[in-house]
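K.L.:
For reference, the sequence and a predicted model appear below.
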Amino acid sequence: MRTIVTGAAGFLGSHLVDRLLAQGHEVLGVDSLITGSLDNLKHLENTREFRFVRTDVTQYIHVPGPVDRVYHFASPASPLDFPRVPVHILKVGALGTLNALGLAKAKAARLLLASTSEVYGDPLVHPQVEEYWGNVNPIGERSMYDEAKRFAEALVTAYHKQNQVDTRIVRIFNTYGPRMRLDDGRVLPNFVRAALQNEPIPVYGDGNQTRSFCYVDDLLRGIMLLMESTVDVPVNIGNPEEITVEQFAHEIIAMLGSKSQVVYKPLPKDDPVRRRPDITKAKTELGWQPEISRQDGLTRTLEDFKRRFKAQSALK
């Protein structure tokens with residue numbers, strides 16, 4: 001197949017490109033590099049089946065020739081990006097999704113939207129099922145990302161119903177693995193950076209808020225199963241194994257042999273208190289569930305973080 005991946009230079013997008021190439025796809029990667037990095041694709045420089053184009057998906061996407069699949073992964077997703085480029089995040093969710101759908105329609109290609117568990121906001125239902133409509137502050141500090149993804153889901157659904165575009169929607173829960181940005185601003189990179197420098201690890205609130213971490217290989221296996229399935233409604237993909245943020249901090253400290261101590265800071269406004277996917281639909285419709293333990297996934301991830309952090313420190 002000939003496949004387009006938007007956001008190809010990002011953490012998830014670059015891993016997706018690798019998996020598609022391994023399955024024999026010809027892949028065109030698209031990224032603006034606003035938050036993505038070509039370092040994530042450097043190992044593909046001499047790969048004939050892969051081509052990269054630097055472009056902003058909020059502009060018209062022109063691709064000559066046939067296209068079979070479009071994976072729309074483009075969007076800044078780090079909490080650090082929310083106050084930095086809020087308008088761009090909304091434009092990617094709206095115009096970027098519109099352009100990706102226009103491409104899929106013109107090429108009669110199937111499109112998969114990478115949505116997020118953030119559409120549930122700070123959920124009042126636990127664990128979160130796909131039928132839950134969410135508890136989102138439309139003008140809050142995370143609203144640019146939450147509402148961009150909610151609008152993107154509505155747009156994909158409208159194109160599916162009105163224009164008969166073949167679409168899929170995945171709601172991605174907390175995912176980790178090699179190639180995450182060192183300055184990502186999310187829980188894992190924050191903890192690892194502090195632990196590697198033996199600095200205090202910031203835990204917001206009382207530390208009893210929970211997260212459910214899915215290793216990137218498990219996530220992408222589920223996403224690719226969804227793309228090739230007949231399921232055209234949103235599907236949660238994530239690991240339902242729940243852990244408190246405080247427990248996770250101590251786990252990172254122990255695995256890195258760090259001297260860091262946990263320090264407590266005020267909980268940011270609108271930060272979700274509990275986050276755990278109900279993956280019943282993924283199990284029954286896709287035959288998918290996570291297979292990689294957090295211990296194994298963290299071992300692989302921490303080795304990557306240590307290598308890149310060492311290289312970054314040597315440049316200073």
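P.N.:
Happy to help now that I have it.

K.L.:
Could you use CA atoms for every contact and neighbour count after this?
P.N.:
Noted.

K.L.:
my read: residue 234 touches residue 132, true?
P.N.:
No: taking Cα atoms under 8 Å as the definition, residue 234 is not a contact partner of residue 132, at 11.0 Å.

K.L.:
Please say which of these two ends up with more neighbours.
P.N.:
residue 234 (23 against 14; other Cα atoms under 10 Å).

K.L.:
how about the strands in the protein?
P.N.:
Applying DSSP state E to the chain gives strands spanning 2-6, 26-31, 50-54, 69-72, 110-116, 167-172, 175-176, 201-204, 210-212, 214-215, 235-237, 242-244, 262-265.

K.L.:
Looking at these, which one is packed in the most?
P.N.:
Burial of these is given as mean neighbour count (mean count of other Cα atoms under 10 Å); strand 235-237 ranks first at a mean of 28.

K.L.:
right, and residue 6 touches residue 69 too?
P.N.:
No: judged on Cα under 8 Å, residue 6 makes no contact with residue 69 at a distance of 11.2 Å.

K.L.:
Give me the distance between residue 157 and residue 7.
P.N.:
Per Cα to Cα, to the nearest Å, residue 157 is found 21 Å from residue 7.

K.L.:
Ok, residue 190 next?
P.N.:
From residue 190 to residue 7 the distance is 23 Å (Cα to Cα).

K.L.:
More neighbours: these two, which one.
P.N.:
A count of neighbours by other Cα under 10 Å puts residue 7 above the other of residue 190 and residue 7, at 29 against 17.

K.L.:
so who does the nearest residue to residue 279 once chain neighbours are set aside touch?
P.N.:
Nearest residue to residue 279, sequence neighbours excluded (Cα to Cα, 6 or more residues apart in numbering): residue 236, at 5.9 Å. Neighbouring residues of residue 236 by Cα atoms under 8 Å, 6 or more residues apart in numbering: 117, 129, 130, 170, 171, 172, 173, 277, 278, 279, 281, 282.

K.L.:
does residue 236 have beta-bridge partners, and which?
P.N.:
In this entry, residue 236 is beta-bridged to residue 171, by DSSP bridges.

K.L.:
Show me how the record splits the protein into domains.
P.N.:
2-176+214-237, 187-210+241-274+292-315 (automatic domain parsing).

K.L.:
I figured residue 30 was touching residue 5, is that so?
P.N.:
Yes: using Cα under 8 Å, residue 30 is in contact with residue 5, at 6.1 Å.

K.L.:
show me where pLDDT drops low in the chain?
P.N.:
270, 315-316 (pLDDT under 70).

K.L.:
Kindly recompute the last result at 80.
P.N.:
Along the chain, segments meeting pLDDT under 80 span 267-273, 312-316.

K.L.:
what's the distance between the residue lying closest to residue 30 once chain neighbours are set aside and residue 115?
P.N.:
Distances taken as Cα to Cα, 6+ apart put residue 6 closest to residue 30, at 4.7 Å, once the chain neighbours are dropped. If you measure residue 6 against residue 115 using Cα to Cα, the figure is 13 Å.

K.L.:
Kindly provide the distance from the residue nearest to residue 13 when sequence neighbours are not counted to residue 179.
P.N.:
Of all residues not flanking residue 13 in the chain, residue 7 sits nearest, at 5.5 Å (Cα to Cα, 6+ apart). Using Cα to Cα, we find residue 7 at a distance of 14 Å from residue 179.

K.L.:
mind listing the helices for the stretch 201-316 of the chain?
P.N.:
Along the stretch 201-316 of the chain, counting by DSSP state H, counting those that start in this stretch, helices occupy 216-227, 245-256, 280-281, 294-315.

K.L.:
so of those, which one's packed in deepest?
P.N.:
Of those, helix 216-227 is the most buried (mean count of other Cα under 10 Å), at a mean of 21.

K.L.:
what does that helix contact?
P.N.:
Contacts for helix 216-227 (Cα under 8 Å, 6+ apart): 12, 15-16, 110-112, 168, 170, 172, 175-177, 237-238, 282, 286, 288-292.

K.L.:
quick one, what contacts residue 70?
P.N.:
Contacts of residue 70 (Cα under 8 Å, 6+ apart): 3, 4, 5, 6, 100, 104, 109, 110, 111, 112.

K.L.:
Hmm, residue 233 is touching residue 168, no?
P.N.:
Yes: shown here, residue 233 and residue 168 form a contact pair, counting by Cα under 8 Å, at 6.5 Å.

K.L.:
Just give the nearest non-adjacent residue to the residue lying farthest from the centre of the chain, would you?
P.N.:
Distance from the centre of the chain peaks at residue 259, with 30.3 Å (Cα atoms, centre = their mean). Once flanking residues are discounted, residue 259 sits nearest to residue 198: 5.1 Å by Cα to Cα, 6+ apart.
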